[in-house]
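Visitor: Prediction below, plus the sequence it came from.
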Amino acid sequence: MAAENEKLEQADSPFPTLNDLVFEKKKKVVLLLSQGLLKCGCPCHRVEDTLQHTASSLGINASFSFLPDSVLITFSHPEDDSDTQSVMVKSPQSYDTGKIGQINRTMNSLHKDEMDIDTCITRLSEIMAAPPTCGFIATCLAFSLSAFSASALLFSGSWMDAGVSGALGLIVALLFILSNHYPIYGRVFEVSSSVIVALIARALHRYCCFTSVAVSAILILLPGYAMTMAVVELSARHVTTGTIRLVYSIVYAFVLAYGLQVGSSVYSAIDPSVSDQDTCANAVSPWFYIPLFPLLSISIALSFGSSHKQWPTQTFCAAIGFCLSYFLGHIIPDSQVVGSLASFAVGLYANFALKITGEAPLVPLCVGVTLLVPGSIGVRGAYALLHQDDLGHSLFPLQMLTIALGLSTGLFAAAMIVYPSGKKRSLYISF
């Protein structure tokens, strides 16, 4: 009877108890963590795993429901399961693996009792309030250098093609920054940038190869990484977020291809004598792939917001995937099998690197998977759509889906082998 009276007195008290204050701090950690992971581009199924792991280690009950840019979190009071509170956390989608690494280290310090809750809340708030890891100059370098190196490395372009593509990549970067500052332009950014790239590339057809110049200039915009993320989430039973990302990726690819086709058609109307057939020659020697590859991987890492400390592991991870896909492509004709084997090797490295460096597997994986994607998903499909007489363009969505399935299969197989029972002692922010 005395215990019941004490409970009633606590419930009627206008002042929160010590347990209530601690519970509120734990909830704030989960809310800040969910917002940070969504904002930095972590896949939703990995966000859920991380949040569940964090809630369990903090000793609170919580359930999660996801959309691509938001999560609904329902908390249950530890002393009364009927007392629940639901909070919707919404965050704009972007990529910042530099901040993901900081979040990963902060939460692991909390999990290992190397940091108290108050310090963790302060640290997470500082990470969220900090500016993006890569600013104006880094964004321009990412678009320009990726276009320059990809033209020679992925599309057998000449040095002239690489130079023109790098200049067009810089134009796309400036338009991208403009779209971030003016949301009304962001609605037509993809189409306008593709039209400008195709128009200039077609106008310079006497000096460069349209295919290697135009597609490499919009390399970072290609939706192969988003498509692979969609298939991974569908495989992880996140049907809502996976389906939304899947449809968006296919439509986004069609938008880019439409812009390229419009730009090419506009110049053909201006100069009817121009031929649609490319005469690509003087490809860069394969020996130059060695110095060009780090340039390509670092520029892609910049587009994901990586810090300079993450570049070595990202470059090594990307080199594993690229070398396997390059050499196996000459032996195995099926691109799905090649993609699966390469992504399996990339996944093995990223998960073993977690044991050695403590870096979240998502950090090297994002660059490694992206370099597997352009030659198989985004590029082939976008280029097929440019040629309306090519019957293969009608199978473009199916081709994107099957190759993304191969990549996701390899990634899941690698994670299963390294961590068959899941990661128990630390957070596991992966792909």
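Guide: Yep, it's here.
Visitor: ranges for the helices of the stretch 1-150 of the chain?
Guide: 2-12, 18-39, 44-58, 97-111, 117-129, 136-153 (DSSP state H, counting those that start in this stretch).
Visitor: the strands in this structure, which residues?
Guide: Along the chain, the stretches classed as strands by DSSP state E are 61-67, 70-77, 80-90.
Visitor: Who are the packing partners of the second one?
Guide: Identification of packing neighbours for strand 70-77 by 3 or more Cβ pairs under 8 Å, 6 or more residues apart in numbering; DSSP states H and E yields helix 18-39, helix 44-58, strand 61-67, strand 80-90. Just so you know, the C-beta spots here come from the backbone N, C-alpha and C atoms, and that holds for glycine as well.
Visitor: Format those as JSON lines; extra columns: mean pLDDT and distance to residue 367.
Guide: Compiled in JSON lines, these are given as follows (pLDDT from 0 to 100; distance: least, Cβ to Cβ, whole Å):
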{"stretch": "helix 18-39", "mean pLDDT": "84", "distance to residue 367": "18"}
{"stretch": "helix 44-58", "mean pLDDT": "85", "distance to residue 367": "17"}
{"stretch": "strand 61-67", "mean pLDDT": "86", "distance to residue 367": "25"}
{"stretch": "strand 80-90", "mean pLDDT": "78", "distance to residue 367": "27"}
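Visitor: Pretty sure residue 270 is one of the things residue 202 touches, is it not?
Guide: No: counting by Cβ atoms under 8 Å, residue 270 is not a contact partner of residue 202; they are 9.2 Å apart.
Visitor: Give the full set of residues in contact with the nearest residue to residue 141 once chain neighbours are set aside.
Guide: Spatial nearest neighbour of residue 141, excluding adjacent residues (Cβ to Cβ, 6 or more residues apart in numbering): residue 302 at 6.2 Å. Residue 302 makes contact with 134, 138-139, 141-142, according to Cβ atoms under 8 Å, 6 or more residues apart in numbering.
Visitor: which outside residues touch stretch 41-56?
Guide: So stretch 41-56 is contacted by 29-30, 33-34, 37-38, 61-62, 64, 66, 68, 71, 73, 93-97, 100, 107, 111, 229, 232-233, 236-238, 241, 304, 362, 366, 423, 427-431 (Cβ under 8 Å, 6+ apart).
Visitor: again with stretch 68-81
Guide: Counting by Cβ under 8 Å, 6+ apart, 19, 23, 27, 30-31, 34, 38, 44, 47, 51, 59-66, 83-93, 241, 244-245 sit against stretch 68-81.
Visitor: For that stretch, buried residues please.
Guide: 68, 70-71, 73, 75 (16 or more other Cβ atoms under 10 Å).
Visitor: Span of stretch 73-91 from start to end?
Guide: End-to-end distance of stretch 73-91 (Cα to Cα, to the nearest Å): 14 Å.
Visitor: how about the helices and strands packed on strand 70-77, which one is nearest residue 263?
Guide: helix 18-39 (33.0 Å; Cβ to Cβ).
Visitor: Convert the C-alpha atoms of that closest one to PDB, please.
Guide: Extracted in PDB, the C-alpha atoms of helix 18-39 (Å, rounded to 0.1, in the frame of the first residue of the first chain):
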ATOM      1  CA  LEU A  18      15.800  11.700 -11.800                       C
ATOM      2  CA  ASN A  19      14.700   8.600 -13.800                       C
ATOM      3  CA  ASP A  20      12.600  10.900 -16.100                       C
ATOM      4  CA  LEU A  21      15.500  13.200 -16.700                       C
ATOM      5  CA  VAL A  22      17.800  10.300 -17.600                       C
ATOM      6  CA  PHE A  23      15.100   8.900 -19.900                       C
ATOM      7  CA  GLU A  24      14.700  12.200 -21.700                       C
ATOM      8  CA  LYS A  25      18.400  12.400 -22.300                       C
ATOM      9  CA  LYS A  26      18.500   8.900 -23.700                       C
ATOM     10  CA  LYS A  27      15.600   9.800 -26.000                       C
ATOM     11  CA  LYS A  28      17.500  12.900 -27.200                       C
ATOM     12  CA  VAL A  29      20.500  10.700 -28.100                       C
ATOM     13  CA  VAL A  30      18.300   8.500 -30.200                       C
ATOM     14  CA  LEU A  31      16.600  11.400 -31.900                       C
ATOM     15  CA  LEU A  32      19.900  13.200 -32.700                       C
ATOM     16  CA  LEU A  33      21.400  10.000 -34.000                       C
ATOM     17  CA  SER A  34      18.500   9.300 -36.300                       C
ATOM     18  CA  GLN A  35      18.500  12.800 -37.700                       C
ATOM     19  CA  GLY A  36      22.300  12.600 -38.300                       C
ATOM     20  CA  LEU A  37      22.300   9.300 -40.000                       C
ATOM     21  CA  LEU A  38      19.400  10.200 -42.300                       C
ATOM     22  CA  LYS A  39      21.000  13.600 -43.200                       C
END
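Visitor: Give me the buried subset of the contacts of stretch 68-81.
Guide: Neighbour-count burial (16+ other Cβ under 10 Å) applied to the contacts of stretch 68-81 gives 23, 27, 30-31, 34, 38, 44, 47, 51, 60, 62, 64, 66, 89, 91, 241, 244-245.
Visitor: re the thing from before, neighbour count for residue 202 and residue 270, which is higher?
Guide: In terms of neighbours (other Cβ atoms under 10 Å), residue 202 is the more surrounded of residue 202 and residue 270; the figures are 23 against 11.
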